[in-house]
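[1] following is a predicted model, sequence given first.
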Amino acid sequence: MPKKLIIDGQDIEVEDGITLLQACEQAGVEIPRFCYHERLSIAGNCRMCLVEVVGMPKPQASCALGVNDLPANRDGSPKVINTRSPMVKKAREGVMEFLLINHPLDCPICDQGGECDLQDQAMAFGGAGSRFALNKRAVEEKYLGPLIKTAMTRCIQCTRCVRFMTEVAGVEELGAIGRGEDMEITTYLEQGMLSELSANVVDLCPVGALTHRPWAFNARSWEMRKTESIDVMDAVGSAIRVDVRGREVMRILPRNNDAVNEEWISDKTRHVADGLRTQRLDRPYIRRDGKLVPASWSEALGVVAARLKSADSARSGAIVGDLAGAEEMFALGDLMGRLGITSGDCRQDGAKLDPALGRGSYLFNSTIEGLEQADAILLVGANPRLEASVLNARIRKRWRQGGLAVGLVGAKMDLAYPYEHIGNGADGIAALADGRHAFAQVLAQAKRPVIIVGAAAFIRADGAAILAQAARLATAGTPAKDAGWNAFNVLHTAAARVAGLDLGFVPGPGGRDVAGMLKGDMDFVYLLGADEIDMTKLGKAFVVYQGTHGDAGAHRADVILPGAAYTEKIATYVNLEGRVQMTDKAAFAPGEAKEDWTILRALSELVGQKLGYDTVDALRSELYKIAPGLMRLDSVEPASPEGVAALAKLTTRTDTTPLAPGLTNFYLTNPIARASQIMAELSQLKAGGPRRVAAE
C-alpha cells in the first residue's frame, strides 16, 4: 500500500518497503551519505544521512529507516520529514566534524582529490571549523595487492569495501579488526585480494583511503578528457569511461548500465590501459630475408595486393580475432567475397557454432538482466567467474536472494557461490537430458531455468553434440516453465564473436574453417587481429597480420598492417546477449596506424576490387543491409526460438573425454592484456607466484 509523506513541504506518495532516504530522493531532495550504497546492504554507520522526522525527538538515519517503520500520526495525517531544518543542519555539521577529527590534511597529494565525496560533502554540509585539538590517529598502511594503494589514516570506516567484497565479489578477504578508535579495515591474512572484481572497491571508497596503485600520482581528474565507450575484454559489453590526457589513455572506469554491468567492471577491463601504450604496431612492416623491416603504406599494401592477386582463391582465407569491430569484419568479408575467397572464419577458437541454424543458437537468450529471474541454473563447461566476471556477480546476486539451485557439468572450480557438481564429462549433460540425474528434476520444475554452455564445451570436437543436448534440455516442455522464456544460453568470451556470426563470417561453399586453414597447405592467410591460433600450423602460407600489437600474429606475419585499438575508433560490437553497442574514439592511434576498415578499403583498390564505400557511414549503410539488427543500438531483440529448436535436432554424438577448464589465465587473454605489465603481475600472483606481504 503506498505511503503518503510530506518532505520539505512537498506531498509525495511512495511505495512500500523503501527507505526514507530513497523516498527523499524520489522527492528530488539530496541526502548526503558515505556508508549507504544502493547495491550494497545497509550498514547505517556513518550517520551523515540524518533527517528530522516531526514527532520523533532525535534526528534519524534515513538510510536505515523504512517508510513502513515510521510511527503513524494520531490524526492519520502524512508524516512530515524535514531535511533542511536547523536540527538537521546542526546534526550533519556535528557528524562531519567527527569524521574529520582524524582525517589527514593531505588533499593536495591525494589521488581522490577532485572527485572525493568527503571534499564535496564537507563543503556542502560541514561547519566552519573543528573543536578537536588533540593529535590525530595514524593507521598503518595495508597491502591489498598490486591494484589498490592504501592510505588507511583517511579511512572513515564506512565499510563499503568490506560489503562489496563479501556480497558482490563473494571473496571474504576484507574485514574490520579492533573497536572504536582502534578499528582498522584489513585483509585477514595480510595479503593481496584475489578477486577479479577487487578494484571496484576504489570506486566505492568515498574518502581516498583506497586508490588505484597503477595510477598513483599520474594525473588529476580535471586534466583528462572523458569519453564514454564499451569494454571488449570479454563478451559482456560493459559500459566504461575512457579518460585520456593528450594522446594517452590514463585510466578506464565503469559507467552505470543496469541491464549489463550495473556499475562494476573486472580488474582486467579497468587496468589493461597500460597495454594500449606498449608493444604497439605503429608502422607497416615487410619481411625481407627473414626479418621484418619498416615500410611505407603504399609499399606494404602493394606487396599484399600482389600476393592476393596471384594466390589460389581455393587456398586463401581470412581469420578474424576476438577484438575486431563489425565494420572491419564486414569490409574484410566483402573484399574476400569479391576475390572469390570462401575460406573465412570469425571463430578462431574453433567454436562449433553455426549461424545457419538461427541467431538463437549462439546467443545468451535469457539476457544478463534475466538472470535475476532464474530459479535454476546449469553451467556446462562454463566458468563465468573468469569468462564473464560481471555476469558471475549477477548470478551471485540472484543466489543471495535465495531460491536458486546451481548445477555444474565440467571441471570443479570456485564460482563464489555453492553449486552441485554433476560430472566432469559430456556424459553429465547427457544424463540430465535423459532425466537420469536428480538435477534434471530441478530443471523440470523450474519456471525460469537457465542453461549456460561455455567455451570449454563448444570448442571441442564434439562441441556441436554438447550444444544440441543442452538445447534439448532447454526446450523440453514442462508445465512449470514460463511461456516465452528461452533457457538456452551460450557464454562467449570474445567481444567480436556475436557480430561475426551475425554477419555470417564463416566458411562459404567449399570454404575452410579455422581448422581447415591450419593444415599447412594454404597459400595466403589474412589475420585480422587473430593471435590465439597455432601459428606453426600455417605452414608456408603468406601471412598478412592486421592488428594493434606485436603479438603472435605479428611474429609470424610476412606483412604487418598496423590498426587501431578499441579506444581509438568508433566501432560496432554485439555482446553475448545480442545487444548492439558502439565504442567511441577516445584517443588517436599511434604513429601511422589506421582504422581497420580504411586499410581494407585501400587494399581493395590495389587488387582491382574497389569496395563501394569511402566513409564509415557509407560502410554502415551496406552493413545494415546484411545485418539490419546492427542498426538498433543498445537494445536486445529476442531471437526466434527456432534456432534453439534446430540445434536440438542435431544427432551428433559426444565422447567421454572430461571437459577441460575453459579459461585458465583470466589476465592474459588477448594482445592488449598480454602487453600490459599490470596484467602480467596479476597473472603471476594468481598462478601462485611470490606475494607481497608488506605495504610499500
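    Arrived safely. Residues are numbered from 1 along each chain as shown.
[2] from here on, contacts and neighbour counts on C-alpha atoms
    Will do.
[3] which ones are touching the one residue sitting closest to the centre of the chain?
    Nearest residue to the geometric centre of the chain (CA atoms, centre = their mean): residue 238, 4.3 Å. Residues in contact with residue 238 (CA atoms under 8 Å, 6 or more residues apart in numbering) are 230-232, 254, 257, 260-261, 265.
[4] equivalent analysis for residue 683, please.
    Contacts of residue 683 (CA under 8 Å, 6+ apart): 665-668.
[5] kindly report the same for residue 157.
    Contacts of residue 157 (CA under 8 Å, 6+ apart): 46, 183-185.
[6] lowest-confidence entry in the contacts of residue 683?
    The member of the contacts of residue 683 with the lowest pLDDT is residue 665, at 87.
[7] before we move on, back to that, from the contacts of residue 238, which is closest to residue 429?
    Taking CA to CA as the measure, residue 429 sits nearest to residue 260 out of these, at 28.1 Å.
[8] what's the burial count for the closest one?
    21 (other CA atoms under 10 Å).
[9] could you do residue 534 as well?
    11.
[10] residue 105 now?
    Quick note: residue 105 (other CA under 10 Å) scores 10 neighbours.
[11] A helix includes it, no?
    No: read with DSSP: H, G, I helix; E, B strand; the rest coil, residue 105 is coil and lies in no helix.
[12] for it, what are its contacts?
    Counting by CA under 8 Å, 6+ apart, residue 105 touches no other residue.
[13] so how far is residue 332 from it?
    From residue 105 across to residue 332, the span is 57 Å (CA to CA, to the nearest Å).
[14] ok, residue 55 next?
    72 Å.
[15] more neighbours: which of these two?
    Taking neighbours as other CA under 10 Å, residue 55 and residue 332 compare with residue 332 leading, 26 against 12.
[16] picking up where we left off before, take the contacts of residue 157 and lay them out in TSV including secondary structure, distance to residue 510 and neighbour count.
    As requested, the contacts of residue 157 are arranged in TSV below (DSSP: H, G, I helix; E, B strand; the rest coil; distance: CA to CA, whole Å; neighbours: other CA atoms under 10 Å):
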residue	secondary structure	distance to residue 510	neighbour count
46	coil	68	20
183	coil	70	14
184	strand	66	21
185	strand	63	22
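[17] which of those lies closest to residue 138?
    Among these, and counting by CA to CA, the member closest to residue 138 is residue 184, at 10.6 Å.
[18] bridging residues for the closest one?
    Beta bridges link residue 184 to residue 177, judged by DSSP bridges.
[19] excluding chain neighbours, what is closest to residue 20?
    residue 62 (4.9 Å; CA to CA, 6 or more residues apart in numbering).
[20] neighbours of that neighbour, how many?
    26.
[21] and if you look at residue 216?
    14.
[22] can you show me the strands along the stretch 1-150 of the chain?
    3-7, 10-14, 50-53, 60-61, 79-82, 148-150 (DSSP state E, counting those that start in this stretch).
[23] check which helices and strands the shortest one sits against.
    If contacts are counted by 3 or more CA pairs under 8 Å, 6 or more residues apart in numbering; DSSP states H and E, strand 60-61 sits against strand 50-53.
[24] same question, the third one
    Helices and strands in packing contact with strand 50-53 are listed as strand 60-61, strand 79-82, helix 86-99; criterion 3+ CA pairs under 8 Å, 6+ apart.
[25] for these, give me JSON lines that also has distance to residue 29, mean neighbour count and mean pLDDT.
    Below are these laid out as JSON lines (distance: least, CA to CA, whole Å; neighbours: other CA atoms under 10 Å; pLDDT from 0 to 100):
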{"stretch": "strand 60-61", "distance to residue 29": "15", "mean neighbour count": "20", "mean pLDDT": "94"}
{"stretch": "strand 79-82", "distance to residue 29": "10", "mean neighbour count": "19", "mean pLDDT": "93"}
{"stretch": "helix 86-99", "distance to residue 29": "14", "mean neighbour count": "18", "mean pLDDT": "94"}
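[26] returning to that earlier point: the contacts of residue 238 in strands, which ones?
    230, 254 (DSSP state E).
[27] need the contacts of residue 238 in JSON lines with pLDDT and distance to residue 397, can you?
    Output for these, formatted as JSON lines (pLDDT from 0 to 100; distance: CA to CA, whole Å):
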{"residue": "230", "pLDDT": "97", "distance to residue 397": "23"}
{"residue": "231", "pLDDT": "97", "distance to residue 397": "22"}
{"residue": "232", "pLDDT": "96", "distance to residue 397": "23"}
{"residue": "254", "pLDDT": "96", "distance to residue 397": "19"}
{"residue": "257", "pLDDT": "95", "distance to residue 397": "16"}
{"residue": "260", "pLDDT": "95", "distance to residue 397": "13"}
{"residue": "261", "pLDDT": "94", "distance to residue 397": "12"}
{"residue": "265", "pLDDT": "96", "distance to residue 397": "15"}
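[28] sweet, I'm off.
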